[in-house]
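> sequence and predicted model, in that order:
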Amino acid sequence: MTTLKLGVMASLPEGPEAEFGKAHELGLPTVQLVCWQPELFTEDMARRVLTAAQHYAVEVTTVWTGVPGPAVWNFIEGPSTIGLVPPLYRPQRVAALKKGADFAARLGVPSITTHVGFIPENPADPLYAGLLEALDEVVTYCRERHLDFCFETGQETPITLLRAIEDLGRDHIGVNLDPANLLLYGKANPLDALDVIGAYVRGVHAKDGEYPTNGRYLGNEKPLGEGRVNFPLLVPKLKSYGFGGALTIEREISGPKQIEDIRRAIQLLTPLL
């Protein structure tokens, strides 16, 4: 039977030494390395990451590549600001994702991951064709570097995401399943979503949350175990689709409470591995 690993999000701007040290102290063998500042994807930073990873015996499972420009995390301004969907920001964001891919390749990491944005549900929407063109460019760039490109779930329904993957018609494409995001954006029940996109899951955020309660703002993130994500059912279903990667704990707060919630998540997830 497949045994999964646990991990935690690690912020590149905070420094790989500090972040990997934190993962090591928590007893976590993997991290997703997050960076929204492409200017940090340098040779010197790559050396620091590799040195810290070896020192703390931590594996980087993906480079979560944020992109420049505005991003408003709500239902009103989000569609026109997040990811590759807004045409105004596409060129600079494609360039940032390519920098992330180069960085991941230097590190020997198997993928990059990002939010693509509010993928249009109507494939006849003029935004859709331009988005596919940009995605094809990024996926091709990743493939040439032996990397997967992973869509982070969130702003689109699972069937919309599946159609985009099918329309691209490429290999080296995967999904980073954030089950809480499916709830926070009101897009799907995470368990049901696996029936649509389960075969593409390459990474998982262990995060919890609730559905939205109004039409403007996302639902609330919660400590793992206090929201609607049913991890005791989700994890075995992930395995049934062949997932054998890391469950990367994500808690979108800071300070001592974040560490407390991560420790509690470790307790809840460990019996499920």
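Looks like it arrived, so ask away.

> quick one: low-confidence parts of the stretch 1-150 of the chain?
1 (pLDDT under 70).

> how about the helices in it?
Here the stretch 1-150 of the chain has its helices, by DSSP state H, counting those that start in this stretch, at 16-25, 43-56, 90-107, 126-144.

> can you lay out these as TSV showing mean neighbour count?
Any C-beta I mention is one placed from the backbone N, CA and C, and that applies to glycine too. Compiled in TSV, the helices of the stretch 1-150 of the chain are given as follows (neighbours: other CB atoms under 10 Å):
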stretch	mean neighbour count
helix 16-25	19
helix 43-56	16
helix 90-107	20
helix 126-144	17
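
> make a markdown table from those helices and add distance to Phe243 to it.
Compiled in a markdown table, those are given as follows (distance: least, CB to CB, whole Å):
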| stretch | distance to Phe243 |
| --- | --- |
| helix 16-25 | 21 |
| helix 43-56 | 23 |
| helix 90-107 | 20 |
| helix 126-144 | 20 |
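
> between those helices, which gets nearest to Glu226?
Ranking those by their distance to Glu226 (criterion: CB to CB) puts helix 16-25 first, at 22.4 Å.

> and that closest one, what does it pack onto?
For helix 16-25, the packing partners by 3 or more CB pairs under 8 Å, 6 or more residues apart in numbering; DSSP states H and E come out as strand 5-11, strand 30-35, helix 43-56.

> quick check, central residue of this structure?
What sits nearest the mean C-alpha location of the chain, by CA atoms, centre = their mean, is Glu152, with 4.2 Å.

> any idea how far that one lies from Ala180?
Here the distance between Glu152 and Ala180 works out to 11 Å (CB to CB, to the nearest Å).

> returning to that earlier point: with distance to Asp192 as added columns, please give the helices and strands packed on helix 16-25 in a markdown table.
Output for the helices and strands packed on helix 16-25, formatted as a markdown table (distance: least, CB to CB, whole Å):
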| stretch | distance to Asp192 |
| --- | --- |
| strand 5-11 | 25 |
| strand 30-35 | 25 |
| helix 43-56 | 36 |
